[in-house]
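Asker: I would like the atomic coordinates for the input below:
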Amino acid sequence: MDYVNFVYGETSIKFECFKNDNTVKHVTGILSGETYKHVPFVPNVKTVLDIGANIGATSTLFSCWYPTATIFSIEPQRAPYEMLVRNSQRNPNAKCFNFGLFNSDKRVPLYHSWADTGTASIGKSFLNTADNEEIELRDATTFLREQQIETIDVLKIDTEGCETQILSSIRDKIPQIWVIYLEYHSEEDRRLIDAMLAPTHVMLRAKVEKAHCGELHYVRSDLGQFWQELHIHRIQTHE
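Answerer: Alright, predicted model coming up:
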């Protein structure tokens, strides 16, 4: 077991994590605000979803950014889920769930990774080992209905290849979401994600260091009414 000390404003947090170099590096990147950049002027954030929460670093950061919002943290893998629950105890608005989201209900093997718990997946990957555990996946729309979630304000999805299925399940909710952070794990998924979000959102940032893997950050196009700098770099095209 290891800890990362995190300071936000006047709040100091001792964040529990696995004693693993990849995990510590990943957690430090999130809690420092480097992995997921804060978007200013997002109005009235009440509901935040962290899908693929792992041990709760992003949920913890979100709870600092949006202290009055309810944070729904979804993590199907047993060991990181137990740590997620412990790391979420400081937030009275935290809700943790030990299953994954998808576009249908099913039980599947989750293959553990040789690198860290954050890169376990249900699909084939060079990070997979033969070691696995059976997990429950639930239809994302059904989950939202059961939790009486009408509107998502901030969404993060890091599910090692299940991102497009989750987005397809909650497609009718997408136009309402102010901020979306997600990873993609194939070039086909990157193109599909952009097609899904393009009608209502603009890509704010992206980090791509290798083929078939990257981090994407979208905001609703009309956030510009609150944040004038959103479209400042746009150059009008000419015929």
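
Asker: what's the average pLDDT for stretch 37-54?
Answerer: For stretch 37-54, mean pLDDT is 96.

Asker: okay, how far is it across that stretch, tip to tip?
Answerer: Terminal residues of stretch 37-54 are spaced 19 Å apart (Cα to Cα, to the nearest Å).

Asker: same thing with stretch 220-227?
Answerer: Counting by Cα to Cα: the opening and closing residues of stretch 220-227 are 11 Å apart.

Asker: quick one: it to chain centroid distance?
Answerer: 21 Å (Cα atoms, centre = their mean, to the nearest Å).

Asker: Same check on stretch 146-159?
Answerer: Using Cα atoms, centre = their mean, the offset of stretch 146-159 from its chain centre is 10 Å.

Asker: same thing with stretch 171-186?
Answerer: Stretch 171-186 sits 9 Å away from the centroid of its parent chain (Cα atoms, centre = their mean).

Asker: what sits up against it?
Answerer: 36, 39, 42-43, 45, 58, 121, 123, 125, 144, 151-161, 163, 167, 190, 193, 196-197, 199-201, 212-220, 223 (Cβ atoms under 8 Å, 6 or more residues apart in numbering). Quick note: C-beta positions are derived from backbone N, CA and C, even for glycine.

Asker: count of residues packed around residue 150?
Answerer: Residue 150 has 11 neighbouring residues, counting by other Cβ atoms under 10 Å.

Asker: Surely it is in a strand?
Answerer: No. Counting by DSSP: H, G, I helix; E, B strand; the rest coil, residue 150 falls outside a strand, being coil.

Asker: follow-up on the earlier one: mark which of the contacts of stretch 171-186 are part of helices, please.
Answerer: 58, 144, 163, 167, 190, 193, 196, 197 (DSSP state H).

Asker: Which two of the residues you listed have the greatest separation?
Answerer: Using Cβ to Cβ, the pair of the ones in helices among the contacts of stretch 171-186 lying farthest apart is 144 and 190, separated by 24.7 Å.

Asker: Next, work out how far apart the spatially most central residue of the chain and residue 32 are.
Answerer: Centroid-nearest residue in the chain: residue 156, 2.5 Å away (criterion: Cα atoms, centre = their mean). As judged by Cβ to Cβ, to the nearest Å, residue 156 and residue 32 stand 16 Å apart.
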